[in-house]
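Visitor: I need the structure of the sequence given here:
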Amino acid sequence: MAKTLIARLEKLDQYDENTSTIIWQNTIAGRWAEIYSKLEEGDTALFLSGSNLVIGEYSEATPEVSIQIKNVRKIALKGDDFLRLNAAYPEKLSRVKGAFQPFLSPVPIDVNLIFQEATDNQLISFFIVKEGSLDSIKTHLKENDRVISINDQNVFIDFFLYDGLNLNSYNTGAGLFNIRNKNLQEILQIHTSAIKKDAKRDSNNVTSVNKIIKTLSIEDYYKFRSFSEYYNIVHNKKLYLNLTDSEEDEADDLPDDVEDYFYKSIMPLNSILYGPPGTGKTFYSITHAVAIVENKTPEVIGSEDRKDVKARFDQYIREGQIVFCTFHQSMGYEDFIEGIKPVEPTTENEELSYAVEDGIFKKLCVEAAFSFVQQKPTAETKEIVDFSTQYDLYINFLHECFSEVDSIDLMTKSGGKIYIKNISPNNNIHVSHKESSKSYTISKTRLSKLSHAFPNLNKIENINDEFRAVIGGSNSSAYWAVLNGFRKYNSEHPRGTVKEITDKRFSYDEKAEIIEALTEEDYKVETPKNFVIIIDEINRGNVSQIFGELITLIEDDKRLGKDESLTALLPYSKKRFGVPPNVYIIGTMNTADRSVEALDTALRRRFAFIPKMPEETKLQPTEDGINLAAMLTSINNRLKVLKDADHTIGHAWLWNVKTIKDLQAVFGNKILPLLQEYFYNDFEKLGLVLGDNFFQQSQPISSTIFASFSGGNGLASQYDQTWQYQLKKPHELTVADFQSLYLSNNRKVNESQ
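Guide: Numbering: from 1, shown residues only. This next block holds a predicted model:
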């Protein structure tokens, strides 16, 4: 991915306008090591000089002396205006507002787009808006404008990005929205106190806060006068995070891996791809999921061969690193997190039983948490793994014994005996007393906990009380006997070194047990193995019911290993549960099915919304000469007026259309049924979208078609001179019919045209 150098040119004295070249001189060794030496041909450069922005391409370098920038273009643009361009990622490049040193941008920058936006004076704006006025403010907004909402107590509550249609919660990482949960008076006090402590502090910030307070007392919104004002009030890390100068500089340090930094900044943990039907939301969810797993950008994955991407996606599905599910009306908490489910009997005489079973999302979280164990084993997890390996060997030994005998006796602590009757399919041990037909199940998981808690069984004084304190209600005597027999076997059968965690296959129950030993510090791994759950049609389920306490736990800062991490006590298993930081949630939703605004508010605040709108220009004409791009654009323009942008039609349905037969099939199976649903029994609006060419010859209705009824009140006569409309059959639609959608709005297009 191309890198971009950003630097400051003083008075343009290093810029040769005649040759459109810059010879950028810099002999500082540290900058050559960290910046200039990483530039390659094709990389770009942005230089700010007073009231000018200069853009060029990296050409060559004289090491530790200078670099050459060619194809230079210049445009009048100040640093503050540079950060108000749509393509400039202002929150990430905010360091250019001050006296910055040369640096490589942490995000890829399309310099051609920046130059075009600068030429068109396409600058974004920043607003504070009262919570109740978010909808009305849209008439004042442009695409990519930033909007901060404030409640009636003047508390800052949320941060939005406007996509041209909707306001979407926006979060690009730490330090973006540092005034959250603070009110205006607190902000004013913070800036006032800062000036009292340090006379060098800028008093303009206090003036700005006072102006904001005054404006919002009489207006519903406040528009920041500049990027600097917006940034100093909203993101001031020194004041709001109590950083020193050196700490702030450290917080602004850019990583070496530009692509990885950009990937992390634009791939939020929780995101929803939303848009009208046919925009490829599910298609893109696969691209995003593979990008997350492989630590790449969606753009990189999207440029690869689709068959290869889908094959890798399927492989990650099989390996459990990606999970795909669809929400529906019957989906519940028990399916997603955990619930009590029936256990299928293993023998004919066994009674039906019930057990707590983990749901789709919890299982993924267990796998994700276990990946931390594999990456960074601890003494505690190694001990549990060691027990698991030893236990498996003991089970193999018992199976060998059962090939010769019907039961195996074990000594209890009191000197009595119990008998191992059989081994369950999941390797639990069934025991009973000789004189009793009642059997007890010795759980591997519980036995592991006892083994960890009691390294010396001879020191136990009251096995009933001490065992119950560790594993709860149980047949303590039976557990003691099995654990003692297990240890006796291992002492009599010495073996080699226990296999490493990565060398052994673990059952799901074993993984769930092992991760219980993890601490918050164990989750702090720089490059964890990522896991993804794709929730298709996320808005079709009862989100509050399905997610339960997960609504809070999925927040970025509430994940395990974070400073504000939280766990919840689950209702069925009575175990603590938290969401690992390497679990990504991707949802998709059809805005025609249910609008974004109607989605559960608690969910909306915790997800980043990524619009997937129709991209008509990506379509190619058919072999029959039908301009698909123009046709779909025309249809969508009419739908935006008669319905709204949420009820348009996506380009994905037409992506593989090559001939009129393909187009007839798409219209017959998808587009026409959808339009009839949009305009149920309203043929006038349907006609305004499709035009006369799509309808059969209209027939007037005569009251004579009705049966004679002497008790009527003249209802039949009301239908005289009305018209009956009927759409053409899809296979009857011609090239001219389809062309009529974009060639003429007022008249039919004949075959001869």
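Visitor: isn't Ala154 right up against Ser217?
Guide: In this structure residue 154 is Asn, not Ala. No: the pair Asn154 / Ser217 is not scored as a contact, 9.3 Å apart, by Cβ atoms under 8 Å. Every residue, glycine included, has its C-beta placed from N, CA and C.
Visitor: which one's more surrounded, the two?
Guide: Asn154 (18 against 9; other Cβ atoms under 10 Å).
Visitor: check contacts around that one.
Guide: Residues in contact with Asn154, defined by Cβ atoms under 8 Å, 6 or more residues apart in numbering, are 183-185, 213, 216.
Visitor: over to Thr44?
Guide: Counted by Cβ under 8 Å, 6+ apart, Thr44 has contacts 2-5, 55-58, 109, 111.
Visitor: need phi/psi at it.
Guide: phi -120, psi 170 (degrees, to the nearest 10).
Visitor: before we move on, back to that, now flag whichever of the contacts of Thr44 is closest to Lys643.
Guide: Sorting these by distance to Lys643 puts Ile109 at the head of the list, at 36.7 Å, by Cβ to Cβ.
Visitor: excluding chain neighbours, what is closest to the closest one?
Guide: Thr4 (4.4 Å; Cβ to Cβ, 6 or more residues apart in numbering).
Visitor: quick one: contacts of stretch 107-125?
Guide: Looking at stretch 107-125 with Cβ under 8 Å, 6+ apart, the contacting residues turn out to be 1-4, 44, 46, 53, 55, 73, 75, 77, 81-82, 84-90, 92-93, 141-142, 144-146, 223-224, 258-259, 261-262, 265-266.
Visitor: can we see that at 7 Å?
Guide: Here stretch 107-125 makes contact (Cβ atoms under 7 Å, 6 or more residues apart in numbering) with 1-2, 4, 44, 46, 53, 55, 73, 75, 77, 81, 84-89, 92, 142, 144-146, 223, 262, 265.
Visitor: now do the buried residues in it.
Guide: Taking 16 or more other Cβ atoms under 10 Å as the basis for neighbour counts, the residues of stretch 107-125 that come out buried are 107-109, 111, 114-115, 117-118, 122-125.
Visitor: show me the shaky parts of the stretch 401-550 of the chain.
Guide: Filtered on pLDDT under 70, the stretch 401-550 of the chain yields the residue ranges 435-437, 494-504.
Visitor: same deal with the stretch 651-753 of the chain?
Guide: Along the stretch 651-753 of the chain, the model assigns pLDDT under 70 to residues 698-704, 718-724, 744-753.
Visitor: ok, which stretches of it are helices?
Guide: Counting by DSSP state H, counting those that start in this stretch, the stretch 651-753 of the chain has helices at residues 660-666, 672-678, 683-690, 735-743.
Visitor: single out the most deeply packed of those helices.
Guide: Each of the helices of the stretch 651-753 of the chain was scored by mean neighbour count; the highest is helix 735-743, a mean of 20, by mean count of other Cβ atoms under 10 Å.
Visitor: so that one versus helix 683-690, what angle?
Guide: Helix 735-743 and helix 683-690 are oriented at 90 degrees to each other (axes from the mean of the first three to the mean of the last three Cα atoms, to 10 degrees).
Visitor: by contact count, what packs against helix 735-743?
Guide: Judged by 3 or more Cβ pairs under 7 Å, 6 or more residues apart in numbering; DSSP states H and E, helix 735-743 is in contact with helix 628-642.
Visitor: the helix it packs on - what's its average pLDDT?
Guide: Summarised as a single mean, pLDDT over helix 628-642 is 93.
Visitor: let's see that helix as CSV, backbone CA atoms only.
Guide: This file holds the C-alpha atoms of helix 628-642, laid out as CSV (Å, rounded to 0.1, in the frame of the first residue of the first chain):
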residue,chain,number,x,y,z
LEU,A,628,-27.3,-0.9,-16.9
ALA,A,629,-25.6,1.9,-15.0
ALA,A,630,-27.9,4.5,-16.6
MET,A,631,-31.0,2.3,-16.1
LEU,A,632,-30.4,1.6,-12.4
THR,A,633,-29.5,5.3,-11.8
SER,A,634,-32.7,6.4,-13.3
ILE,A,635,-34.8,3.9,-11.3
ASN,A,636,-33.0,4.8,-8.0
ASN,A,637,-33.4,8.5,-8.6
ARG,A,638,-37.2,8.0,-8.9
LEU,A,639,-37.3,5.7,-5.8
LYS,A,640,-35.5,8.3,-3.7
VAL,A,641,-38.3,10.8,-4.5
LEU,A,642,-41.2,8.4,-4.2
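Visitor: for the stretch 1-150 of the chain, which segments count as strands?
Guide: Secondary structure of the stretch 1-150 of the chain (DSSP state E, counting those that start in this stretch): strands located at 4-8, 15-16, 21-25, 44-49, 52-62, 66-76, 103-104, 126-130, 146-150.
Visitor: could I get those strands as JSON lines with mean pLDDT and distance to Ile429?
Guide: Compiled in JSON lines, the strands of the stretch 1-150 of the chain are given as follows (pLDDT from 0 to 100; distance: least, Cβ to Cβ, whole Å):
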{"stretch": "strand 4-8", "mean pLDDT": "88", "distance to Ile429": "63"}
{"stretch": "strand 15-16", "mean pLDDT": "78", "distance to Ile429": "81"}
{"stretch": "strand 21-25", "mean pLDDT": "85", "distance to Ile429": "74"}
{"stretch": "strand 44-49", "mean pLDDT": "87", "distance to Ile429": "67"}
{"stretch": "strand 52-62", "mean pLDDT": "90", "distance to Ile429": "68"}
{"stretch": "strand 66-76", "mean pLDDT": "89", "distance to Ile429": "71"}
{"stretch": "strand 103-104", "mean pLDDT": "88", "distance to Ile429": "60"}
{"stretch": "strand 126-130", "mean pLDDT": "94", "distance to Ile429": "64"}
{"stretch": "strand 146-150", "mean pLDDT": "92", "distance to Ile429": "59"}
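Visitor: turn the ones you listed into JSON lines, including distance to Asn669.
Guide: JSON lines is the format used below for the strands of the stretch 1-150 of the chain (distance: least, Cβ to Cβ, whole Å):
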{"stretch": "strand 4-8", "distance to Asn669": "46"}
{"stretch": "strand 15-16", "distance to Asn669": "59"}
{"stretch": "strand 21-25", "distance to Asn669": "57"}
{"stretch": "strand 44-49", "distance to Asn669": "46"}
{"stretch": "strand 52-62", "distance to Asn669": "48"}
{"stretch": "strand 66-76", "distance to Asn669": "49"}
{"stretch": "strand 103-104", "distance to Asn669": "50"}
{"stretch": "strand 126-130", "distance to Asn669": "43"}
{"stretch": "strand 146-150", "distance to Asn669": "40"}
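Visitor: do you know which of those lies nearest Leu447?
Guide: strand 146-150 (53.9 Å).
Visitor: buried ones in stretch 220-234?
Guide: Within stretch 220-234, the residues scored as buried using 16+ other Cβ under 10 Å are 221-222, 224, 226-234.
Visitor: repeat for stretch 299-307
Guide: Applying a neighbour-count criterion of 16+ other Cβ under 10 Å, one finds 301-302 buried in stretch 299-307.
Visitor: measure the closest residue in space to Val666 that isn't next to it in sequence to Lys138 for me?
Guide: Leaving aside its chain neighbours, Val666 sits nearest to Trp653 (5.5 Å; criterion: Cβ to Cβ, 6+ apart). For Trp653, the distance to Lys138 equals 28 Å [Cβ to Cβ, to the nearest Å].
Visitor: same thing with Tyr354?
Guide: As judged by Cβ to Cβ, Tyr354 and Lys138 stand 52 Å apart.
Visitor: the two: which is more packed in?
Guide: Neighbours around Tyr354 and Lys138, counted as other Cβ under 10 Å, are more numerous at Lys138. The numbers are 16 against 10.
Visitor: okay, that one: pLDDT?
Guide: For Lys138, the pLDDT comes out at 90.
Visitor: list the residues that contact it.
Guide: Contact analysis of Lys138 by Cβ under 7 Å, 6+ apart lists nothing.
Visitor: if you set the cut-off to 8 Å instead, what comes out?
Guide: With contact set as Cβ under 8 Å, 6+ apart, Lys138 has these partners: 162, 167.
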